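Participant: Need coordinates for the following:
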Amino acid sequence: MTTTRLLQGEITDNLIIEKRGAVGWITFNDPAKHNAMSYDMWAALPGVIKMFENDDEIRAVVLTGAGGKSFVSGANISQFEKLRTAADAVAEYERVGEEAQGSIYNCSKPVIGRIDGYCIGGGLNLSLCCDIRIASDVSTFAIPAGRLGLGYRLTAIRNLVSTVGAPQALDIMLSAQRFTAQQAKEKGLIQHLVPAAELDKAVDEYLAKVVANAPITLRAGKKAIREFQKVPPHVDVEGIKQMVLACFASDDYQEGKRAFAEKRAPVFRGK
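Facilitator: All right, here's what the predicted structure looks like:
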């Protein structure tokens, strides 16, 4: 199998883009920060997905993380003061994040998440945009928004609810606790759980099944499933958006950032 590095020097080095035979690979590549997502990483994703969409030789896409300790540990907290504080900056960050996750979620080709290590916050969001999630038994999962005062956009909530159902989604969101890989499997956050030493084999075997199938059939099936998962028209999209933005404008969000930086428990006041 031939491996070709793509877009090197054209996008951030924190994304490694490869074509490995009939599969496009996206590797989140910032191991020192546990592959936390920067603005540039979010911004580059839609173009990468479009490139894979337009390549008829590509039959599937894999998302994974570099370093062996993380898939993605969340958004890059060091950028929050600059990019997720002022109203205009928050709106732009949300737009870029929404576009990136939407490009993965709506990709017409099968997307597999190869998860090994931390899959937290924005990383869990990214994994839920994948069609199939295969995780090692040392992986951990969480949505810690409640401990940071962050707002969670509607599409991310939709992906969570459509994956695990409302009761489990409420448990994950309200507790903000971290779950083991086994617990994640029981909740439905992942479909396949394997020992860490067998992860690559499991991913390769699953990809072999997907690549052998009829692409047009898979595309039609995925499209139909995605149609069923659309947000109903009666949902108050604008109202939810304003509630999310209000989180970023709150004193609690400022406290959440300070507490994270100071490595202490936050004291929230609901203001």
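Participant: Show me what the helix of greatest length in the chain is packed up against.
Facilitator: Secondary structure of the chain read by DSSP state H shows that its longest helix is helix 87-105. Contacts defined by 3 or more Cβ pairs under 8 Å, 6 or more residues apart in numbering; DSSP states H and E place helix 87-105 against helix 39-54, helix 80-83, helix 122-129, helix 154-164, helix 237-248. The way it works is simple: take the backbone N, C-alpha and C, and place the C-beta from them, glycine included.
Participant: Tell me which of these sits most buried.
Facilitator: Among those, helix 122-129 has the highest mean neighbour count (mean count of other Cβ atoms under 10 Å), at a mean of 26.
Participant: picking up where we left off before, next SSE after the longest helix of the chain?
Facilitator: Next helix or strand after helix 87-105 toward the C-terminus (DSSP states H and E): strand 111-115.
Participant: what's in contact with the next helix-or-strand element following that following strand?
Facilitator: Scanning forward in sequence from strand 111-115 by DSSP H and E, the next helix or strand is strand 118-120. Residues from elsewhere that reach strand 118-120, judged by Cβ atoms under 8 Å, 6 or more residues apart in numbering: 34-35, 69-74, 127, 135, 139-144, 178, 184.
Participant: Mind doing that once more with 7 Å?
Facilitator: Residues outside strand 118-120 that contact it (Cβ atoms under 7 Å, 6 or more residues apart in numbering) are 34, 69-74, 127, 139-142, 144.
Participant: doesn't residue 98 make contact with residue 155?
Facilitator: Yes. Under the criterion of Cβ atoms under 7 Å, residue 155 makes contact with residue 98 at 6.5 Å.
Participant: got a markdown table for the helices and strands packed on helix 87-105, with distance to residue 103 and mean pLDDT too?
Facilitator: A markdown table is the format used below for the helices and strands packed on helix 87-105 (distance: least, Cβ to Cβ, whole Å; pLDDT from 0 to 100):
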| stretch | distance to residue 103 | mean pLDDT |
| --- | --- | --- |
| helix 39-54 | 4 | 96 |
| helix 80-83 | 20 | 58 |
| helix 122-129 | 8 | 97 |
| helix 154-164 | 12 | 96 |
| helix 237-248 | 19 | 91 |
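Participant: Distance to residue 3 added to those helices, as JSON lines?
Facilitator: Below are the helices and strands packed on helix 87-105 laid out as JSON lines (distance: least, Cβ to Cβ, whole Å):
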{"stretch": "helix 39-54", "distance to residue 3": "15"}
{"stretch": "helix 80-83", "distance to residue 3": "33"}
{"stretch": "helix 122-129", "distance to residue 3": "23"}
{"stretch": "helix 154-164", "distance to residue 3": "30"}
{"stretch": "helix 237-248", "distance to residue 3": "40"}
